[in-house]
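Q: Fold the following.
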Amino acid sequence: MPPANAISPQVKSYILNSQIADSDIPFVFFGIRTVKEVRCQPETCHFNKLPDELLEFIAKKLSFSDFVNFSATHTRHVSCLRSDHLIKKIFVSDKSITLLLSERADNKAKCYLRDLPWNGLQLTADSVVEAFPDSPEGKLGVAHFKSECLRRGQPLNGQQVSPDEVVQAYEAANATLELGHFKGQCHFRGLPLNGHQVSPIEVVEAFPDSPQGKLEIAHFKAQLCLRNERLGDQRVTPDEVVNAFPDSPEGKVGKARFKKQCCLRGLLLNGHQITPNAVVKDYQAAKAKLELAHFKGQCYFRRLPLNGHPVSPTKVIKAFPNSPKGKLELVCFKAELCLRNRPLCGQPVTPDAVVSAFPDSPEGKLEIARFKEQCCLRHRPLNGQLVTPDAVVKDYQAAEATLALVRFKAKCCLRGLHLNHQPVSPDSVAKDYERGGWLLERAYFYSQLELNAR
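A: Have a look, this model is predicted:
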């Protein structure tokens, strides 16, 4: 089998192109699906006397990209080499192709979960599942998608996805690490498996005996500790959690995150309070600059001193790394300063300055919409005028954040805010949630309506 990276940019662009129908993907490279009769000049082809069976044998040893070139070159047998059956067989047997088909299916899943069209049409959950290839990567993608449908309450094949169905999907993909993750989610969310609640011991035993498995067990124990839950007959102590994290880069970051939670919650480690300085040292040792900046921001807002001195907003800003993610989070920190009326270098942070500082990226557009939503709900002016609910809706639409948009409409409904000069009805919000398959969100919205009515 050819290596997984033996693929041309042309093949990749075709497979990931949402405007090409799934059924046409294997054939678009040939211009036409099949050729009944093709003439050639035998003297130009070295394989002109080989039988079809031998040509097919040779073709099956090629990557799909090479197969396309091979069939185009040996034109006397193009009818044989372009048969639908042979093309499909070589197409799905190429490891690089199945990886790209899985990526294409993942893109479909993201569009479906965000209620976005695919090639101008609305996707169904069933069509997303069918798009995944019958490969290890495809089976894992199906399992992830089913898990997400369960979490969001979205139906599949006209029925709600059960936790047992997700477990079977992960088992079919032989994904023991992801299965351990899912069982942990079932435990914390109270979802039964085989009619029984999932115990913490079952979750721990589900993780593989590997470095990554041991890391995830430590993360799970950390959650048990922070929730004050038992593992077997004993409560999980902070000391036990810290000792469970492996001495690896990922383990050091996980340990620092856990110590941060202990510091903020006042939990003892080795009989002593964890100081903010100790957390800073752990993040520095893990070289987690972005998380260190976040923690310094929390220290500022919670008035926790570092090295005996209060943390200033300027020190927080200087802590963010000079990276796209760091720059985005820096502006988010400024947005928080603005919304909390906190000064920066003795000057107030204005909404105008925050909006202009966000980068022109998909993530930046989403954060602008979120910030404008807060300005709208808090009656904070932008460019000298109050932000209207309609303006927020347009920003969420520009960011293609469908779920966030529906949530904002729900807030408008609950607060009596108008959209397009009309009140937002509960039925319209509920239908938006149903259209996106967000049934759990719809149930939460109904509960808020009941609380408002009391």
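Q: can you give me the strands for the stretch 301-450 of the chain?
A: Remark: strands of the stretch 301-450 of the chain, listed N- to C-terminal, are 343-344, 347-348, 381-382, 385-386, 418-419, 422-423; assignment by DSSP state E, counting those that start in this stretch.
Q: Can you add distance to residue 326, mean neighbour count and mean pLDDT and give the ones you listed back as TSV?
A: C-beta: built from backbone N, CA, C; applies to glycine. Compiled in TSV, the strands of the stretch 301-450 of the chain are given as follows (distance: least, C-beta to C-beta, whole Å; neighbours: other C-beta atoms under 10 Å; pLDDT from 0 to 100):
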stretch	distance to residue 326	mean neighbour count	mean pLDDT
strand 343-344	17	14	96
strand 347-348	22	10	96
strand 381-382	25	14	96
strand 385-386	32	10	96
strand 418-419	35	14	97
strand 422-423	42	10	96
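Q: Out of those strands, which is closest to residue 235?
A: Between residue 235 and these, the shortest separation by C-beta to C-beta is 42.9 Å, and it involves strand 343-344.
Q: Packing partners of the closest one?
A: With contacts defined as 3 or more C-beta pairs under 8 Å, 6 or more residues apart in numbering; DSSP states H and E, the secondary structure elements packing on strand 343-344 are helix 313-319, helix 324-339.
Q: Just name the most buried of the ones you listed.
A: Among those, ranked by average contacts under mean count of other C-beta atoms under 10 Å, first place goes to helix 324-339 (a mean of 19).
Q: I'd like to know which elements that helix is packed against.
A: Taking 3+ C-beta pairs under 8 Å, 6+ apart as contact, the helices and strands that helix 324-339 lies on are helix 289-302, helix 313-319, strand 343-344, helix 351-357, helix 362-378.
Q: any chance of these in a markdown table, with distance to residue 257 too?
A: A markdown table is the format used below for those (distance: least, C-beta to C-beta, whole Å):
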| stretch | distance to residue 257 |
| --- | --- |
| helix 289-302 | 7 |
| helix 313-319 | 16 |
| strand 343-344 | 27 |
| helix 351-357 | 27 |
| helix 362-378 | 22 |
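Q: from memory residue 299 sits against residue 283, does it?
A: No - with contact taken as C-beta atoms under 8 Å, residue 299 and residue 283 are classed as non-touching, separated by 11.7 Å.
Q: Check the offset of stretch 237-257 from the chain's centre.
A: Its chain's average C-alpha position is 24 Å from that of stretch 237-257, according to C-alpha atoms, centre = their mean, to the nearest Å.
Q: Between the two ends of that stretch, what distance do you get?
A: With C-alpha to C-alpha, to the nearest Å as the measure, the ends of stretch 237-257 fall 16 Å from one another.
Q: Could you check how far residue 19 is from residue 98?
A: 21 Å (C-beta to C-beta, to the nearest Å).
Q: Of those two, give the one with the bigger neighbour count.
A: Neighbours were counted for residue 19 and for residue 98 using other C-beta atoms under 10 Å; residue 98 has more, 20 against 7.
Q: show me the contacts for that one.
A: 92, 133, 135, 137-138 (C-beta atoms under 8 Å, 6 or more residues apart in numbering).
Q: Residue 116 too?
A: By C-beta under 8 Å, 6+ apart, the neighbours of residue 116 are 110, 400, 402.
Q: and if we set it to 7 Å?
A: 400, 402 (C-beta atoms under 7 Å, 6 or more residues apart in numbering).
Q: One more: residue 263?
A: Listed by C-beta under 7 Å, 6+ apart, the contact partners of residue 263 are 274-276, 279.
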